[in-house]
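Q: attaching a predicted model along with its sequence, questions to come.
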Amino acid sequence: MRAPVKSSASSSRAAFPAASPPPAERAAAPGVFTALAEYAHEQVSIFYEPSSGYRGIIAIHDTTLGPALGGTRFWNYPSDEDALIDALRLSRGMTYKAAVAGLNLGGGKSVILGDNRTSRREAIFRAHGRHIESLGGRYITAEDVGTSTQDMEFIRVETQHVTGLLGKSGDPSPVTAYGVYRGIKACAKLRWGSDSLTGKTVTVQGCGHVGYFLCKLLFEEGVKLIVTDIDPQRVKSVVQDFRATAVKPEEIYGQAADIFAPCALGAVVDDDTLPELACAAVAGSANNVLARAEHGHALRELGILYAPDYVINAGGLINVADELGGYSAERARANVEGIFANLRMIFHRAKEQGIPTSEASDRLAEERMRDVSRIKLLHLPSPGR
């Protein structure tokens, strides 16, 4: 039996739930349109399904290059407005990530509000699948924080617009980690003239799926690891498996290291943490690492090389996107190798133009979207003429 989803039809900007949302959801409503105006999205859809408790937001930022692809994040947000802002920021990042990676995809993201430890996963994710199906192929989802390949299988019952399925591309974490590893080597090449990481020190913030696989790759190349996570068990695993040194979460920023690799949630480079950083480069898998755009300028002024997050962490997107045309692990891995060259090009552009690497990557993405949008203006004759 299909899980019912109650919603009005999606408009060009936002679809709001027909069913009355919880009081907290109503309280967040005044900020919705302000946020939409700030981030300039094509569409935001908000669904509430009371029987399962599903509360989901799907944000489609830009479809110039193709349908929006982005993972589903399941998180217990402090407020509904926080969830909306996260979806808007993450989906924008996906637009730029796909553009720089050379994919014919746009940017989207979805968030499910609630405790991701719930046992009611089938009902919640089938409701989410119905929500995705209502958008008619404009948005394709995949795994993200708080979700798994099994959750994608539940979504698949209700819609074909899902990737990262069992037996296909599967868990993107190892491929994301490999892309970050290649990106760190690109940083090393620029900073020290060699991409060898042997004997370097890397601080890793976050020891989840991607963080763990990244630590494995770094350890195998002879890197000294300093790690932290809010989950002590994750830290314990990395310490035992890769002889890492553990520090408290608030101590990670000030650790003397060659590379700081943020691999948890975003906005970790901010006014408070910038003065603490004791590294030559920032390069990790987290999205939206910079709390604000000006922090990219601040890193440049401090002489700290920044690998733009949506460029270095594109491995997972490249991997699941390959599934859309018939998955080949070898082809996906070869495409992920391109992250090294993309970063080298961005570093060169940033130096040549005298701008932060974050701005150089934005310009590169915007150039591609602008060029493709112009091509789409070319007139094509109607069929049969």
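A: Good, I have the coordinates. Residues are numbered from 1 along each chain as shown.

Q: who touches stretch 246-256?
A: The contact list for stretch 246-256 (Cβ atoms under 8 Å, 6 or more residues apart in numbering) reads 201, 203, 205, 226-230, 235-236, 238-239, 260, 268, 273, 276-279. Using the backbone N, CA and C atoms, a C-beta is placed for each residue, glycine as well.

Q: stretch 297-309 now?
A: 93, 183-184, 186-187, 190-191, 266, 269, 274, 277, 279-290, 296, 343, 346-347, 350, 355-358, 360-362.

Q: helices - which of the residues you listed land there?
A: Cross-referencing these against helices under DSSP state H gives 93, 183-184, 186-187, 190-191, 296, 343, 346-347, 350, 357-358, 360-362.

Q: span of stretch 188-198 from start to end?
A: Counting by Cα to Cα, to the nearest Å, you get 11 Å between the two ends of stretch 188-198.

Q: same thing with stretch 140-149?
A: OK, stretch 140-149 end separation, Cα to Cα: 14 Å.

Q: in it, what's buried?
A: 140-149 (16 or more other Cβ atoms under 10 Å).

Q: can you name every helix or strand that the strand or helix carrying residue 156 contacts?
A: Using DSSP states H and E, residue 156 maps to helix 149-158. Contacts defined by 3 or more Cβ pairs under 8 Å, 6 or more residues apart in numbering; DSSP states H and E place helix 149-158 against strand 72-75, helix 121-133.

Q: ok, which of those comes nearest residue 32?
A: Comparing the helices and strands packed on helix 149-158 against residue 32 with Cβ to Cβ, the closest turns out to be helix 121-133 (17.1 Å).

Q: how far out from the middle of the chain is the helix or strand just after that closest one?
A: Proceeding C-terminally, helix 121-133 gives way to strand 139-140 as the next helix or strand, assigned by DSSP H and E. Relative to its chain's centre, strand 139-140 lies at 14 Å (Cα atoms, centre = their mean, to the nearest Å).

Q: in its sheet, what does strand 139-140 sit against?
A: strand 68-69 (parallel) (DSSP bridges).

Q: how distant is the partner strand from the center of its chain?
A: Counting by Cα atoms, centre = their mean, strand 68-69 comes out at 12 Å from the chain centroid.

Q: list of residues touching that strand?
A: Outside strand 68-69, the residues within contact range by Cβ under 8 Å, 6+ apart are 60-62, 91, 94-95, 98, 103, 105-108, 138-142, 163, 317, 320-321.

Q: please repeat the previous calculation with a cut-off of 7 Å.
A: Residues outside strand 68-69 that contact it (Cβ atoms under 7 Å, 6 or more residues apart in numbering): 60-61, 94, 98, 105-108, 138-140, 142, 317, 321.

Q: tell me the contacts of residue 245?
A: 225-226.

Q: so what's it bridging to?
A: With DSSP bridges applied, residue 245 shows beta-bridge pairing to residue 226.

Q: look up how far residue 116 lies from residue 73.
A: 9 Å (Cβ to Cβ, to the nearest Å).

Q: mind checking the SS state of residue 219?
A: helix (DSSP: H, G, I helix; E, B strand; the rest coil).

Q: can you tell me the closest non-neighbouring residue to it?
A: Excluding the flanking residues, the one nearest residue 219 by Cβ to Cβ, 6 or more residues apart in numbering is residue 242, at 3.9 Å.

Q: so who does the one you found touch?
A: By Cβ under 7 Å, 6+ apart, residue 242 lies in contact with 215-216, 219, 225.

Q: nearest to residue 158 among those residues?
A: When the contacts of residue 242 are compared against residue 158 (criterion: Cβ to Cβ), the nearest one is residue 216, at 35.2 Å.

Q: pop the domain breakdown of the protein in here.
A: The record's domain parsing of the chain by automatic domain parsing lists 14-94+106-158, 173-369.

Q: and the shortest one, what's its mean pLDDT?
A: What that stands for is domain 14-94+106-158. When pLDDT is averaged along domain 14-94+106-158, the result is 88.

Q: please enumerate the helices of the stretch 1-150 of the chain.
A: 23-28, 32-39, 80-101, 121-133, 149-158 (DSSP state H, counting those that start in this stretch).

Q: and the angle for the third one with helix 32-39?
A: Spelled out, it's helix 80-101. 20 degrees (axes from the mean of the first three to the mean of the last three Cα atoms, to 10 degrees).

Q: just the CA trace of helix 80-101, in PDB.
A: The C-alpha trace of helix 80-101 is given here as PDB (Å, rounded to 0.1, in the frame of the first residue of the first chain):
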ATOM      1  CA  ASP A  80      12.000  24.300  11.000                       C
ATOM      2  CA  GLU A  81      13.600  27.400   9.800                       C
ATOM      3  CA  ASP A  82      17.100  25.900  10.500                       C
ATOM      4  CA  ALA A  83      16.100  22.900   8.300                       C
ATOM      5  CA  LEU A  84      14.900  25.200   5.500                       C
ATOM      6  CA  ILE A  85      18.100  27.200   5.500                       C
ATOM      7  CA  ASP A  86      20.200  24.000   5.500                       C
ATOM      8  CA  ALA A  87      18.300  22.700   2.500                       C
ATOM      9  CA  LEU A  88      18.700  26.000   0.700                       C
ATOM     10  CA  ARG A  89      22.400  26.200   1.300                       C
ATOM     11  CA  LEU A  90      23.100  22.600   0.500                       C
ATOM     12  CA  SER A  91      21.100  22.600  -2.700                       C
ATOM     13  CA  ARG A  92      22.900  25.700  -3.900                       C
ATOM     14  CA  GLY A  93      26.200  23.900  -3.200                       C
ATOM     15  CA  MET A  94      25.000  20.900  -5.300                       C
ATOM     16  CA  THR A  95      24.400  23.200  -8.300                       C
ATOM     17  CA  TYR A  96      28.000  24.400  -8.100                       C
ATOM     18  CA  LYS A  97      29.300  21.000  -7.400                       C
ATOM     19  CA  ALA A  98      27.700  19.400 -10.400                       C
ATOM     20  CA  ALA A  99      28.800  22.300 -12.700                       C
ATOM     21  CA  VAL A 100      32.500  22.200 -11.700                       C
ATOM     22  CA  ALA A 101      32.500  18.400 -11.900                       C
END
